[in-house]
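Undergrad: pasting the sequence and the predicted coordinates here, then a few questions.
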Amino acid sequence: MDDRYAKSQILFHWLTLVMVILTYSAMLLKDSVPDEYVALVKQLHYNFGISVFVLMFIRLGLRHLHKAPPITPPLEPMQARGAALFHWLLYLLFLVLPLLGMLSVVYGGKNFILLGWQVPELVSPDPQTGHFLKEIHEVLANTGYFIIGIHALAALYHHYFRGDNTLRRMMPGK
Ligand code: HEM
Ligand code: HEM
């Protein structure tokens, strides 16, 4: 078995990181840009966020096609189960989060432009539901910072302290 993730998995993993950074950055920028750019920054947030959804969806398919390569030296069974669980949590969070964002926009009756296409009204706007979904979206989005932080720290721990190939398996190369 190959000792690295498939090239497509590696490409999509790092591309997801880039799109996640752009998605968060747009929201962090929102309050510092001049008023006339706020709407644009929000639309960028929606579009970047949807690309994360699409990427995670594709990655789920790729994960189905390719098994995760083995870690050397192997993890204790408990550690391996914990790592697997955490990865599924990442998939779940970054699929549910953009979905909630989309639903909050649709139910909130907000303007939604996807890659230049004006998304039509898909449901009758319901501001209360829209607000509720937005609140959950925001709580989960803030949880996302910690989940990604722990995930990245775990990768560094494996590389620098445990000295195994966990990170190298996700690095591009020949
Ligand atoms: C991985 C994907 C996403 C991440 C990480 C993310 C993250 C965030 C963050 C950090 C905030 C601000 C939270 C706060 O102020 O406490 C936010 C707000 C929001 N997001 Fe997302 N988001 C994502 C996807 C989406 C998508 C796909 C949509 C809609 C299509 C969306 C719609 C919204 C809306 C409507 C708000 C409230 C903005 C406002 O203040 O008006 N998000 N999101
Ligand atoms: C600096 C940031 C990041 C680093 C250093 C990093 C590192 C890694 C490493 C080394 C692996 C392989 C772990 C293993 O197989 O045991 C991995 C897997 C994974 N990462 Fe990240 N990652 C980062 C950001 C992200 C982000 C932003 C997401 C999602 C939004 C993410 C989602 C995943 C998932 C779902 C897996 C499991 C792969 C699979 O088996 O399909 N990562 N990451």
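TA: Cool, got the structure. On a predicted model such as this, the values are computed, not experimentally measured, just so you know. Ligands and ions are numbered 1, 2, ... in the order given.

Undergrad: where does Pro120 fall, helix, sheet strand or coil?
TA: coil (DSSP: H, G, I helix; E, B strand; the rest coil).

Undergrad: around ligand 1, which positions in this protein sit nearby?
TA: Residues of the chain lying near ligand 1 by Cβ under 6 Å from any ligand atom: 20, 23-24, 27, 45-46, 49-50, 52, 94, 97-98, 101-102, 104-105, 134, 137-138, 141-142, 144. (Glycine included, C-beta is placed from N, CA and C.)

Undergrad: so how do I select the buried members of those in PyMOL?
TA: In PyMOL, this line selects whichever of these come out buried by 16 or more other Cβ atoms under 10 Å:
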select buried, resi 20+23+24+27+45+46+49+50+52+94+97+98+101+102+104+105+134+137+141+144
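
Undergrad: can you count the residues close to Gly116?
TA: By the measure other Cβ atoms under 10 Å, the count of residues near Gly116 is 7.

Undergrad: for Pro125, see how far away it is.
TA: 22 Å (Cβ to Cβ, to the nearest Å).

Undergrad: with Val54 instead?
TA: Counting by Cβ to Cβ - Val54 and Pro125 are separated by 25 Å.
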